[in-house]
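K.L.:
Predicted model follows, preceded by the sequence.
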Amino acid sequence: MESVIEEIYRTQSRRVLATLIRLLGDFDRAEEALQDAFAAAARTWPADGIPVNPFAWLVSTGRFKAIDTIRRRARFDASQQHIEDSLYSVDEMEVGDMEAIEDDMLRLIFTCCHPAIPADAQTAMALREICGLTTEEIAHAFLIPAPTVAQRIVRAKGKIRAAKIPYEVPGREALPERLDRVLHVIYLVFNEGYSASSGEEIVRADLTAEAIRLARLVLTLLPHPDVSGLLALMLLQDSRRNARRGEEGSLVLLADQDRSLWDRAKITEGLELLTQAMRTGEIGTYTVQAAIAAEHAKVSSAEETDWRRIAFYYDLLLAGQPSPIVELNRAVAIAMADGPAKGLDLIDAILGRRELQAYHLAHSARADFLRRLGRREEAISAYETALSLCRQEPEQAFLRKRISELAAAPERQ
């Protein structure tokens with residue numbers, strides 16, 4: 001029973017939280033109610049059994065726990081009466097101007113992405129509230145101190161409370177100004193699902209599915225090539241999900257994946273969306289990234305991959321949105337096209353600027369280039385650096401395996 005409750009928490013707690021935020025009108029109160037609801041589940045479900053609808057049970061329990069808490073703290077007054085009233089009916093969903101979209105998670109994203117909240121705080125809020133990451137995990141992902149992340153989240157919540165920012169999907173006229181940030185948050189949710197920042201699993205399928213679902217909703221609200229491009233990108237990447245996990249949860253690299261396990265329906269839909277997005281002439285960053293993913297999806301083997309074309313797409317990304325991560329990916333593409341020595345020079349230049357010193361994938365890529373060049377001891381050292389920075393268990397196991405293989409191999413003359 002404990003494992004079942006943990007799985008429900010992992011897959012449904014963010015949806016429960018999103019609904020509680022709307023019903024209670026306060027992030028902190030909703031988070032407390034969420035924890036109270038799951039604590040009640042841990043006490044009662046082993047004896048009573050799992051409810052037919054765990055989501056509704058948790059929302060209802062959380063709301064009534066919130067009532068009890070507010071009453072105990074003697075904070076009810078006339079201005080707060082609407083909170084108590086709103087807690088009694090799970091079915092009464094106030095959706096404002098967007099009655100067709102009854103989706104609390106989407107409302108949560110739009111609230112986090114309100115223009116009054118600074119961009120860095122929007123990102124931290126989204127990863128905390130939508131993905132459920134800890135402040136330490138967010139800090140690790142963005143290479144910043146954990147107290148900085150915590151301060152951003154606290155300030156963002158304070159801004160939402162003080163400015164009475166509505167918990168809603170805005171009217172159509174206000175959608176375009178928030179589109180970039182909303183898509184960025186959906187992309188972050190997908191990335192956390194596609195390659196979990198820590199833990200035992202490579203992929204969190206609940207997050208990738210949620211991100212794809214949200215992108216579809218946004219596309220119905222505001223058809224736009226950037227939305228089509230992002231949805232295409234996520235579908236093409238998610239099509240490889242089943243092939244990325246080997247026996248006992250081990251990591252399988254792209255070149256080694258069994259492509260018969262790729263989801264052809266997602267690839268077909270992704271390619272169609274990509275074609276639609278590119279026909280508009282508005283080629284955004286998500287569309288370019290989708291074009292890169294398409295280069296892998298269109299060929300039947302790793303050897304057929306057009307790495308020069310992929311490097312060209314990374315050049316486009318760098319021109320439009322300079323980033324050391326994009327530089328790193330471009331270096332990998334060039335190494336695949338022109339050899340590991342060129343890739344190594346490019347990565348050493350990036351690391352020389354100290355921009356990605358704490359990013360384990362930069363050191364892992366550098367280690368791979370050194371391995372392919374036969375520089376065993378340097379490769380082992382680079383892999384060990386990557387291992388010290390990595391927090392995902394399957395990736396750690398992969399890095400240990402590489403180190404062990406190199407340690408047992410003779411130095412190339």
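P.N.:
Perfect, thanks for sending it.
K.L.:
Identify the residues contacting stretch 51-61?
P.N.:
For stretch 51-61, contacts defined as CB atoms under 8 Å, 6 or more residues apart in numbering pick out 8, 12, 15-16, 19-20, 23, 34, 36-38, 40-41, 45, 90. Backbone N, C-alpha and C define where each C-beta goes, glycine included.
K.L.:
Measure how far that stretch is from the centre of its chain, please.
P.N.:
Offset of stretch 51-61 from its chain centre (CA atoms, centre = their mean, to the nearest Å): 26 Å.
K.L.:
Pull out the buried residues from that stretch.
P.N.:
Buried residues in stretch 51-61, defined by neighbour count with 16 or more other CB atoms under 10 Å: 54, 57-61.
K.L.:
how about the helices in the stretch 301-413 of the chain?
P.N.:
For the stretch 301-413 of the chain, helices defined by DSSP state H, counting those that start in this stretch occupy the ranges 307-320, 324-338, 340-352, 360-372, 376-389, 393-408.
K.L.:
Could you identify which of these is most buried?
P.N.:
helix 360-372 (a mean of 22; mean count of other CB atoms under 10 Å).
K.L.:
Who are the packing partners of that one?
P.N.:
helix 324-338, helix 340-352, helix 376-389, helix 393-408 (3 or more CB pairs under 8 Å, 6 or more residues apart in numbering; DSSP states H and E).
K.L.:
Val218 against Asp226, yeah?
P.N.:
No: the pair Val218 / Asp226 is not scored as a contact, 9.7 Å apart, by CB atoms under 8 Å.
K.L.:
Of these two, which one has the most company?
P.N.:
Taking other CB atoms under 10 Å, Val218 and Asp226 do not tie; Val218 has more neighbours (25 against 20).
K.L.:
Not counting residues beside it along the chain, what's closest to the more buried one?
P.N.:
Val227 (5.3 Å; CB to CB, 6 or more residues apart in numbering).
K.L.:
Phi and psi next, for the one you found.
P.N.:
Dihedral angles of Val227 (phi, psi; degrees, to the nearest 10) stand at phi -70, psi -40.
K.L.:
Likewise for Leu253?
P.N.:
Main-chain dihedrals, Leu253, degrees, to the nearest 10: phi -70, psi 160.
K.L.:
Next one: it from Ala365, what distance?
P.N.:
Distance, Leu253 to Ala365, using CB to CB, to the nearest Å: 12 Å.
K.L.:
cool, and Arg376?
P.N.:
Using CB to CB, Arg376 is found at 17 Å from Ala365.
K.L.:
In contact with the residue nearest to Val218, which residues are there?
P.N.:
So Val227 contacts 179, 183, 215, 218-219 (CB under 8 Å, 6+ apart).
K.L.:
just to revisit the earlier point, would you turn the helices of the stretch 301-413 of the chain into a markdown table with distance to Ala232 and mean pLDDT?
P.N.:
A markdown table is the format used below for those (distance: least, CB to CB, whole Å; pLDDT from 0 to 100):
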| stretch | distance to Ala232 | mean pLDDT |
| --- | --- | --- |
| helix 307-320 | 14 | 95 |
| helix 324-338 | 18 | 96 |
| helix 340-352 | 27 | 96 |
| helix 360-372 | 24 | 96 |
| helix 376-389 | 31 | 96 |
| helix 393-408 | 26 | 93 |
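K.L.:
Relative to Thr123, which of the ones you listed is closest?
P.N.:
With CB to CB, the closest approach to Thr123 among these belongs to helix 324-338: 14.5 Å.
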